[in-house]
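S.K.: Just a sequence and a predicted model for now, questions to come.
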Amino acid sequence: GDSVTQMEGPVTLSEEAFLTINCTYTATGYPSLFWYVQYPGEGLQLLLKATKADDKGSNKGFEATYRKETTSFHLEKGSVQVSDSAVYFCALSDGGNEKLTFGTGTRLTIIP
Amino acid sequence: DTAVSQTPKYLVTQMGNDKSIKCEQNLGHDTMYWYKQDSKKFLKIMFSYNNKELIINETVPNRFSPKSPDKAHLNLHINSLELGDSAVYFCASSQDRAVNQPQHFGDGTRLSIL
């Protein structure tokens, strides 16, 4: 079945540091890939998505590239801010299942 | 205007009780979902409805019964609550069932069983 594996947290970085959160996936078809972010006490919000190989999703300074050859969708940001502190979820949606499969989430804390 | 709204935000109740959580979306979406998030933040889909029709029913105890009176609402009723039901329950919606459609989430209902 489909699965998403993402980097174990928690991750703590200083402001302006470079961020990478690794995500790899297993899917039977050609999935769409997503990153969602959950701020404390809130629901998940879509951060970015990519729907086919080599697509790059980007939003709010975050980027992720759909790499079919390595089945990866790593999240990156060049310079993080305190306001980026949240839990980040990698997810995939595969046509065969019609549902989102989430990774376990990575808690990110940015210290000033 | 809140796009996906759930009520109540917090629900504290005793084992054995029956409770309901309501969800409404004002986005005009066709598809709605219920997810359970456990204490380790792991999210798992429970149900999905498309235009009031059940399309996903994961391995969920039959104490959980979703109801969709119209495509803007998807309520979750839980009978005979157990300690293991303590979690945050999220409602979500998407434009349709297409795999590239993002989902919009409510703020969650934190259910605590005493």
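M.R.: Nice, I can see it. Numbers count the residues shown, from 1 in each chain, chains lettered A, B, ... in the order given.

S.K.: What's the mean pLDDT across stretch B:82-93?
M.R.: Averaged across stretch B:82-93, the pLDDT comes to 95.

S.K.: What of stretch A:55-71?
M.R.: Regarding stretch A:55-71, the rounded mean pLDDT is 96.

S.K.: Quick check: closest non-adjacent residue to the closest residue to chain B within chain A.
M.R.: Across chain A, the shortest distance to chain B (CB to the nearest CB) belongs to A:Gly43, at 3.5 Å. Backbone N, C-alpha and C define where each C-beta goes, glycine included. Spatial nearest neighbour of A:Gly43, chain neighbours left out: B:Phe105 (3.5 Å); criterion: CB to CB, 6 or more residues apart in numbering or on different chains.

S.K.: returning to what we had before: contacts only, for the residue of chain A closest to chain B.
M.R.: Contact partners of A:Gly43, counting by CB atoms under 8 Å, 6 or more residues apart in numbering or on different chains, are B:Val4, B:Phe90, B:Ala92, B:Phe105, B:Gly106, B:Asp107, B:Gly108.

S.K.: re earlier: wait, the residue nearest to A:Gly43 touches A:Gln45, no?
M.R.: Yes. Shown here, B:Phe105 and A:Gln45 form a contact pair, counting by CB atoms under 8 Å, at 7.0 Å.

S.K.: For those two, indicate the residue with more neighbours.
M.R.: Higher neighbour count among B:Phe105 and A:Gln45: B:Phe105, with 23 against 15, using other CB atoms under 10 Å in any protein chain shown.

S.K.: How about that one: which residues does it bridge to?
M.R.: Under DSSP bridges, the beta-bridge partners of B:Phe105 are B:Ala92.
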